[in-house]
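# This is a predicted model, with the sequence first.
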Amino acid sequence: MVGIVIGVIVVAVVLFFAMQSSLPLKKSDDIKESFKQLEGRLWRSYVDFSITKQNELYARYLDEESRARVVETNELPNELVLAIREFHEQLGKELMEMEMYYASIEEPANQELVRYFITYLQARNTFLNKEWGYTRALLKQQEDALLATQLYRHARNQQTAAYEVFAAHINQRAKKLKVENRFQ
């Protein structure tokens, strides 16, 4: 009888410790999965508002004939101007969505990454606005073109710096979690 009671206690203790050791593993897996979802969300946003997407926009509306017309008239095609404005509006909406996404995240380390990414997107938005002003000033051959050039370069440098800070932090977090990420 005593042997059965001792056996039950030993089995209960073994089961208790086995369950305890699997909890950190589950939590670690949950953290990794949460990070992967976060990285995927940020990557989609990064790609949607990347320089590549911006260049595709220009390429869609500026064929050889259109470029020659821009050189002659110093005006961009109206369709391109509208597409650029829409791109800017979409980026503004994405910034608002990122702010809401930030507020919904519970993991402090993930919140920090989203905050750095929002800073990058804000710098990207500023850069795009300065680039747009720079382009218009150059086309109009305004005296403001020099100032527009300086503002454009400053905004480009801020965008690059903000991205580098974000990339360093997300890469550090990915390395710590031993998870792949696309921001390398």
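The structure has been received and is ready for your questions. Fair warning: this is a prediction, and the values are worked out from it, not measured in the lab. Numbering: from 1, shown residues only.

# residue boundaries of the helices in the chain?
Secondary structure of the chain (DSSP state H): helices located at 2-48, 51-61, 64-73, 78-104, 108-140, 145-177.

# Of those helices, flag the one that's most buried.
Stretch with highest mean neighbour count among the helices of the chain: helix 108-140 (a mean of 18; mean count of other Cβ atoms under 10 Å). In this view, the C-beta of every residue, glycine as well, is placed from N, C-alpha and C.

# Now do that one against helix 145-177, angle only.
160 degrees (axes from the mean of the first three to the mean of the last three Cα atoms, to 10 degrees).

# Mind checking the pLDDT average for helix 108-140?
In this model, helix 108-140 carries a mean pLDDT of 92.

# now the angle between helix 64-73 and it, please.
In terms of direction (the same axes, to 10 degrees), helix 108-140 departs from helix 64-73 by 60 degrees.

# Show me where the chain dips below the pLDDT cut-off.
Applying pLDDT under 70 to the chain picks out residues 1-26, 142.

# rerun that using 90 as the cut-off
Residues of the chain meeting the criterion pLDDT under 90: 1-31, 58, 62-76, 132-152, 184.

# mind listing what the closest residue to residue 165 other than its chain neighbours touches?
Leaving out its chain neighbours, the residue that sits closest to residue 165 by Cβ to Cβ, 6 or more residues apart in numbering is residue 116, at 5.8 Å. Neighbouring residues of residue 116 by Cβ atoms under 8 Å, 6 or more residues apart in numbering: 162, 165, 166, 169, 170.

# 7 Å - rerun?
Residue 116 makes contact with 165, 166, 169, according to Cβ atoms under 7 Å, 6 or more residues apart in numbering.

# Out of those residues, which comes closest to residue 79?
Of all those, residue 79 sits closest to residue 166, with 32.9 Å by Cβ to Cβ.

# Verify the contact between the closest one and residue 117 for me.
Yes - contact criterion Cβ atoms under 7 Å: residue 166 and residue 117 qualify, at 5.3 Å.

# quick one on the thing from earlier: let me have the contacts of residue 116 in CSV, adding distance to residue 128 as columns.
Below are these laid out as CSV (distance: Cβ to Cβ, whole Å):
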residue, distance to residue 128
165, 19
166, 17
169, 23
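
# Just give me the closest of those to residue 98.
Ranked by distance to residue 98 (Cβ to Cβ), the contacts of residue 116 are led by residue 166 at 11.9 Å.

# With adjacent residues omitted, what lies nearest to the closest one?
The nearest residue in space to residue 166 (Cβ to Cβ, 6+ apart) is residue 116, at 4.0 Å.
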